[in-house]
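# Predicted coordinates and the sequence they were generated for:
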Amino acid sequence: MSALVLGNRLKEHRARCGLTQAQLAAQVGVTRKTINTVENRVFTPSTLLALKLAKTLDTSVEEVFFLADQSPE
């Protein structure tokens, strides 16, 4: 049985807005490394950070974050 994991399209939305990781981080009040770890699915953002990211990227949380199947290894 596969598990659900949090997927994201953060990098795509950030690129669409023409922002670097550092620029997006500054706008939402976190470090560039935090943005990097979210994009690479190493760190799951808090609800507050997810909402800030979506608002800054002028989209909905559901457009940036989604549930994805992770097949067993």
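The structure has been received and is ready for your questions. Predicted, not measured: the structure shown is a model, and the values here were computed from it.
# could you say what helices and strands the helix ranked longest in the chain packs with?
The longest helix of the chain (DSSP state H) is helix 47-56. With contacts taken as 3 or more CB pairs under 8 Å, 6 or more residues apart in numbering; DSSP states H and E, helix 47-56 sits against helix 21-28, helix 32-39, helix 61-64. All C-beta atoms are positioned from the backbone trio N, CA, C, and that covers glycine.
# Point out the one among those that comes closest to Gly7.
Among those, helix 61-64 comes nearest to Gly7, with 9.7 Å by CB to CB.
# Against which helices or strands is that closest one packed?
helix 10-16, helix 47-56.
# and with 7 Å instead?
helix 47-56 (3 or more CB pairs under 7 Å, 6 or more residues apart in numbering; DSSP states H and E).
# and the helix it packs on with helix 21-28, angle?
Angle of helix 47-56 versus helix 21-28, following axes from the mean of the first three to the mean of the last three CA atoms, to 10 degrees, is 110 degrees.
# Can you name the residues in contact with helix 47-56?
Leu10, Leu24, Gln27, Val28, Val30, Pro45, Ser60, Val61, Val64, Phe65 (CB atoms under 7 Å, 6 or more residues apart in numbering).
# picking that back up, let me have the helices and strands packed on helix 47-56 in CSV, adding mean pLDDT and distance to Leu6 as columns.
Below are those laid out as CSV (pLDDT from 0 to 100; distance: least, CB to CB, whole Å):
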stretch, mean pLDDT, distance to Leu6
helix 21-28, 98, 17
helix 32-39, 98, 9
helix 61-64, 98, 10
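# returning to that earlier point: next, the angle helix 32-39 makes with the longest helix of the chain.
Going by the same axes, to 10 degrees, helix 47-56 is angled at 90 degrees with respect to helix 32-39.
# Pull the distance from helix 47-56 to the chain's centre.
Relative to the centre of its chain, helix 47-56 is centred 9 Å away, using CA atoms, centre = their mean, to the nearest Å.
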